[in-house]
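**Q** 3D, please:
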Amino acid sequence: MSGTGSGYDLSATTYSPDGRVFQIEYAQKAVDNGGTALALCCKDGIVFANEKFLLSKMLVPGTNKRIFPVDRHATLAISGLVADAKQIVERVQASIFYSRYPGPVLADRVAMFMHMYTLYWSVRPFGSTVLLGVYDEVEGPQLYGIDPSGTAIKFKGIAVGTSIFYLVIDSLQHPRIHQGRVARPGALKLRNFCQPTQRCLM
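**A** Presented below is the predicted three-dimensional model:
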């Protein structure tokens, strides 16, 4: 066999001699090639933003969603393969149908679901990264990033898809500002890095 993986990339259950799992790396590449998604914790909530690709001029607005409210206290933003991400969204909606989980528990459940798809040869990892925002009266706004390997990490601000957006997040004093203030100047700063085109919409 030839190629980058040299046969070690045929299954997520196979390690290469240097300890890499190529299937997970390929899934991460799908995220890197997807539209940028970012989230930022503020004093009174969480602000989400995403880059949407205009697949056609005939596209009906609102049908190519990448931000999904799953409950009154939780929202998901995704980057990568939308079809894969919708499976994760449905799992989250089913998980909180009977019980409202706190942020850490819900993040762990999503991470374990995504990690399960890296353990068996008959499935492949999800080609999506999920940004999970949860709000409760005790902990306040909580933000988690969950990558295709099933690793959940808590953040104050995170961007996936294009690393340059970290510059925008680092420049905002997020713990001290409110949602309304982020939405306006933040959008202007984002457009400095990604100008809307016929194929891309911020």
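
**Q** Only C-alpha atoms from now on, for both contacts and neighbour counts.
**A** Will do.

**Q** in the lengthiest strand in the chain, what counts as buried?
**A** Using DSSP state E to define each element, the chain has its longest strand at strand 128-136. Along strand 128-136, these residues count as buried under the neighbour rule (16 or more other CA atoms under 10 Å): 128-135.

**Q** Likewise for stretch 24-41?
**A** 24-32, 34-41.

**Q** how far does that stretch stretch from start to finish?
**A** Start and end residues of stretch 24-41 are separated by 28 Å (CA to CA, to the nearest Å).

**Q** and the residue nearest the centre of the chain, bridged to which residues?
**A** Note on the chain: the residue nearest the mean C-alpha position is residue 130, at 2.7 Å, using CA atoms, centre = their mean. Beta bridges link residue 130 to residue 78, residue 146, judged by DSSP bridges.

**Q** what sits against it?
**A** 76-79, 85, 145-147 (CA atoms under 8 Å, 6 or more residues apart in numbering).

**Q** cool, and residue 10?
**A** Counting by CA under 8 Å, 6+ apart, residue 10 has contacts residue 23.

**Q** if we can go back for a sec, from the buried residues of stretch 24-41, which ones fall inside strands?
**A** Short answer: the buried residues of stretch 24-41 in strands (DSSP E) are 37-41.

**Q** tell me the strands in this protein, going along the chain?
**A** Remark: strands assigned in the chain by DSSP E are 37-41, 46-50, 52-53, 67-71, 74-80, 128-136, 140-146, 152-155, 157-160, 200-201.

**Q** Format the ones you listed as JSON lines; extra columns: distance to residue 8.
**A** Output for the strands of the chain, formatted as JSON lines (distance: least, CA to CA, whole Å):
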{"stretch": "strand 37-41", "distance to residue 8": "31"}
{"stretch": "strand 46-50", "distance to residue 8": "34"}
{"stretch": "strand 52-53", "distance to residue 8": "33"}
{"stretch": "strand 67-71", "distance to residue 8": "34"}
{"stretch": "strand 74-80", "distance to residue 8": "23"}
{"stretch": "strand 128-136", "distance to residue 8": "22"}
{"stretch": "strand 140-146", "distance to residue 8": "25"}
{"stretch": "strand 152-155", "distance to residue 8": "26"}
{"stretch": "strand 157-160", "distance to residue 8": "27"}
{"stretch": "strand 200-201", "distance to residue 8": "35"}
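
**Q** In JSON lines, list these along with mean pLDDT and distance to residue 99.
**A** As requested, the strands of the chain are arranged in JSON lines below (pLDDT from 0 to 100; distance: least, CA to CA, whole Å):
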{"stretch": "strand 37-41", "mean pLDDT": "88", "distance to residue 99": "24"}
{"stretch": "strand 46-50", "mean pLDDT": "88", "distance to residue 99": "22"}
{"stretch": "strand 52-53", "mean pLDDT": "76", "distance to residue 99": "32"}
{"stretch": "strand 67-71", "mean pLDDT": "90", "distance to residue 99": "11"}
{"stretch": "strand 74-80", "mean pLDDT": "92", "distance to residue 99": "13"}
{"stretch": "strand 128-136", "mean pLDDT": "93", "distance to residue 99": "14"}
{"stretch": "strand 140-146", "mean pLDDT": "94", "distance to residue 99": "18"}
{"stretch": "strand 152-155", "mean pLDDT": "94", "distance to residue 99": "21"}
{"stretch": "strand 157-160", "mean pLDDT": "88", "distance to residue 99": "27"}
{"stretch": "strand 200-201", "mean pLDDT": "44", "distance to residue 99": "36"}
